[in-house]
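In: give me a model of this one.
(2 chains)
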Amino acid sequence: MTATASPPTATTPRRLFTVHEFHKMAKAGILGEKERVELIEGEIIQMSPIGGPHVLGIARLNMLLVPLIGDDGLISPQGSLRISDRTELVPDFVVLRNKRYDGVPVAADALLVIEVSDSSLSRDLSSKVAVYAAAGVQEYWVWDVKRHVVHQFTDPSEGQYQQRREVKLGETITSVALPAISFKVVDISR
Amino acid sequence: MTATAAAPTATTPRRLFNVHEYHQMAEAGILDEDERIELIEGEIVEMSPVGGPHIKRINDVTKLLNRSLDDRAEVSPQNPVRLNDRSEPMPDIAVLRYRGDDEDVPVVGDVLVLIEISVSSLRRDLGWKLALYARAGIPEVWVFDVNGQRLLRHAEPSDGQYRRVDELRPGDRISVPTIPDLVFAVMDMLGHRQRS
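Out: Next comes the predicted model:
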């Protein structure tokens, strides 16, 4: 018998975790509070390190959003959002309903989710879209900081966003869920 | 439901765990002591269920080894062996040097031979498992191919593989390394093939 070094997980299923177990790991000190990890379909995934354009993108977008939202929503930058019993993500921005919370906000609390995308563009535009749509997140933006294009997904139904629009540099983007959020797409990467 | 589209792919970077964190999970009640899981290169994987004939073979071989080895070795069926900081698999049987009152999880230095049993067809997971054992420097692994009525003895680990593989048949004899005076009949190890 030949000893092939193929990864065990090609033939062996991983032990999956629930959000409850995920949080127990943090409490027990197994996962550090500052660790950049997400729970996706029961697997603990390492988030990619944030590069310069991503950092600046988050900072500049924050500056754009805060004065427009006022009391209409609660901006949660890089906060956890519980999607299901097996999935808990950390989007770059979640605009939450402005109410009191007793725990980690859930998908139904999110009016708008924004991912600022540098190297993670393909993942944000494929698997993440599916996750947010399936969870019924009202609106999802992927801000491509390389091309200065915002991919706007709205109207989730049957696990998919029924509307998808691309808003380019200089054009105006307006949130469907929160019309107060309306501004011209600018270069936020520097 | 678009769960499949959303699931992480083979290349998605997982958060890996070390043996310390793995045991912390058990202490914190996240992992149950009775769960059939292994830590393999930082990933916690589920083991496939063991069928009746497999259990029977593990029990028979354990009995056979225990009877003869007595205090000269410790026979540890379906228990973990710590290979390194990132891997703690659960072989079918580990034959360990006699450890007296040592209550630690056995490590590579304790292992004389690991036994993996394959009842129906050669198990698919044995390929990577052998590579893992070889990389860790486990001196000998016996793979029982019960249906094929042969025992594959893997020895001389180097560069992540076993340089020497001997195919032993029911008429052959075998000994645990370091205890050469105790000789076992391969026939007794493999048991009699069941025909339907």
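In: quick one: the helices in chain B?
Out: Assigned by DSSP state H, chain B shows helices spanning B:3-6, B:19-27, B:52-69, B:126-136, B:186-190.
In: kindly reformat these as a markdown table containing mean neighbour count.
Out: From N, CA and C alone the C-beta is placed, and that goes for glycine too. Formatted as a markdown table, the helices of chain B follow (neighbours: other Cβ atoms under 10 Å in any protein chain shown):
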| stretch | mean neighbour count |
| --- | --- |
| helix B:3-6 | 15 |
| helix B:19-27 | 16 |
| helix B:52-69 | 16 |
| helix B:126-136 | 22 |
| helix B:186-190 | 19 |
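In: quick one: these as a markdown table, columns for mean pLDDT too.
Out: Putting the helices of chain B into a markdown table (pLDDT from 0 to 100) gives the following:
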| stretch | mean pLDDT |
| --- | --- |
| helix B:3-6 | 51 |
| helix B:19-27 | 97 |
| helix B:52-69 | 93 |
| helix B:126-136 | 92 |
| helix B:186-190 | 92 |
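In: can you list those in JSON lines and add distance to chain A?
Out: Formatted as JSON lines, the helices of chain B follow (distance: least, Cβ to the nearest Cβ, whole Å):
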{"stretch": "helix B:3-6", "distance to chain A": "4"}
{"stretch": "helix B:19-27", "distance to chain A": "5"}
{"stretch": "helix B:52-69", "distance to chain A": "16"}
{"stretch": "helix B:126-136", "distance to chain A": "4"}
{"stretch": "helix B:186-190", "distance to chain A": "16"}
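In: will you turn these into TSV that also has distance to B:Tyr162?
Out: Output for those, formatted as TSV (distance: least, Cβ to Cβ, whole Å):
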stretch	distance to B:Tyr162
helix B:3-6	38
helix B:19-27	24
helix B:52-69	20
helix B:126-136	5
helix B:186-190	18
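In: and A:Thr87, how many neighbours?
Out: 24 (other Cβ atoms under 10 Å in any protein chain shown).
In: which helix or strand in chain A has the lowest average pLDDT?
Out: Of all helical and strand segments in chain A, the minimum by mean pLDDT, DSSP states H and E falls on helix A:121-125, at a mean of 86.
In: quick one: buried residues of stretch A:35-43?
Out: Residues of stretch A:35-43 classed as buried: A:Val37, A:Glu38, A:Leu39, A:Ile40, A:Glu41, A:Gly42, A:Glu43 (neighbour count, 16 or more other Cβ atoms under 10 Å in any protein chain shown).
In: stretch B:152-169 now?
Out: Under the neighbour-count criterion of 16+ other Cβ under 10 Å, stretch B:152-169 has B:Leu152, B:Arg153, B:His154, B:Ala155, B:Pro157, B:Gln161, B:Tyr162, B:Val165, B:Leu168 buried.
In: filter those residues by proximity to chain A?
Out: B:Leu152, B:Gln161, B:Tyr162, B:Val165 (Cβ under 8 Å from any Cβ of the partner chain).
In: which of those fall in strands?
Out: B:Leu152, B:Gln161, B:Tyr162, B:Val165 (DSSP state E).
In: how about the contacts made by the last one?
Out: What that stands for is B:Val165. Contact partners of B:Val165, counting by Cβ atoms under 8 Å, 6 or more residues apart in numbering or on different chains, are A:Met1, B:Leu152, B:Arg153, B:His154, B:Ala155.
In: now the first one
Out: B:Leu152 makes contacts with A:Met1, B:Trp142, B:Val143, B:Asp145, B:Val165, B:Asp166, B:Glu167, B:Leu168, as judged by Cβ under 8 Å, 6+ apart.
In: follow-up on the earlier one: with distance to A:Gly73 added, can I get the contacts of B:Val165 in JSON lines?
Out: As requested, the contacts of B:Val165 are exported to JSON lines (distance: Cβ to Cβ, whole Å):
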{"residue": "A:Met1", "distance to A:Gly73": "60"}
{"residue": "B:Leu152", "distance to A:Gly73": "64"}
{"residue": "B:Arg153", "distance to A:Gly73": "67"}
{"residue": "B:His154", "distance to A:Gly73": "62"}
{"residue": "B:Ala155", "distance to A:Gly73": "66"}
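In: between these, which is nearest A:Ala28?
Out: B:His154 (37.9 Å; Cβ to Cβ).
In: quick one: pLDDT of the closest residue to that closest one other than its chain neighbours?
Out: Leaving aside its chain neighbours, B:His154 sits nearest to B:Tyr162 (3.7 Å; criterion: Cβ to Cβ, 6 or more residues apart in numbering or on different chains). What the model reports as pLDDT for B:Tyr162 is 97.
In: shouldn't B:Tyr162 be in contact with B:Val141?
Out: Yes: judged on Cβ atoms under 8 Å, B:Tyr162 makes contact with B:Val141 at a distance of 7.0 Å.
In: which residues do those two both contact?
Out: Common neighbours of B:Tyr162 and B:Val141 (Cβ under 8 Å, 6+ apart) are B:Leu130, B:His154.
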